[in-house]
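Participant: Task: produce atomic coordinates for the following.
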Amino acid sequence: MKFHHIITIITVVILIGTIAIPAVITVQNRHNERLLYATTMKIKERAKTCFHKEECLETKITLKKLYELGYLEPMAHPITKEYYNENSYVLISESRLDFFEVKNN
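Facilitator: This next block holds a predicted model:
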């Protein structure tokens with residue numbers, strides 16, 4: 001192969017790499033964010049339902065309570081695939097629902 005063909009091939013590979021690698025990383029990060037969003041929204045919605053049905057009277061609702069009342073099956077973190085700690089909780093305030101993950105020891 002001639003030298004200029006080798007240089008052309010190397011240049012094309014470098015150009016493809018500089019475009020493809022950041023694009024793949026961006027798509028993967030966006031996918032992970034959406035998975036996490038969907039999982040936390042499911043947990044928050046189930047806690048909200050439990051609160052409005054007055055089965056969960058406190059404003060801090062643990063996953064353990066939601067599991068016991070049958071609102072959720074044991075949930076796993078969508079990215080790490082580890083089950084959430086049962087002490088993780090949803091905090092309900094006047095206009096917000098916030099999910100706080102308690103890490104396993």
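
Participant: For Glu86, which non-adjacent residue is closest in space?
Facilitator: The shortest distance from Glu86 to any non-neighbouring residue, by CB to CB, 6 or more residues apart in numbering, is to Lys64 (3.9 Å). C-betas here are computed from N, CA, C, even on glycine.

Participant: Correction: the previous question concerned Thr62.
Facilitator: Leaving out its chain neighbours, the residue that sits closest to Thr62 by CB to CB, 6+ apart is Tyr89, at 4.6 Å.

Participant: The longest helix seen in the chain: what's the following helix or strand?
Facilitator: When the chain is parsed with DSSP state H, its longest helix is helix 3-52. Using DSSP states H and E, the helix or strand that follows helix 3-52 towards the C-terminus is strand 60-62.

Participant: which regions of the protein sit below the pLDDT cut-off?
Facilitator: For the chain, the stretches flagged by pLDDT under 70 are 105.

Participant: At the geometric centre of it, which residue do we find?
Facilitator: Leu36 (1.4 Å; CA atoms, centre = their mean).

Participant: before we move on, could you check phi and psi at the nearest residue to that one once chain neighbours are set aside?
Facilitator: Leaving aside its sequence neighbours, Leu36 sits nearest to Pro78 (CB to CB, 6+ apart; 5.9 Å). Backbone torsions for Pro78, taken as degrees, to the nearest 10, come to phi -70, psi -20.

Participant: which ones are touching Pro78?
Facilitator: Contacts for Pro78 (CB atoms under 8 Å, 6 or more residues apart in numbering) come out as Asn32, Leu35, Leu36, Ala38, Thr39.

Participant: Most neighbours of all the residues you listed, which one?
Facilitator: Comparing these by number of neighbours (other CB atoms under 10 Å), Thr39 comes first, having 17 neighbours.
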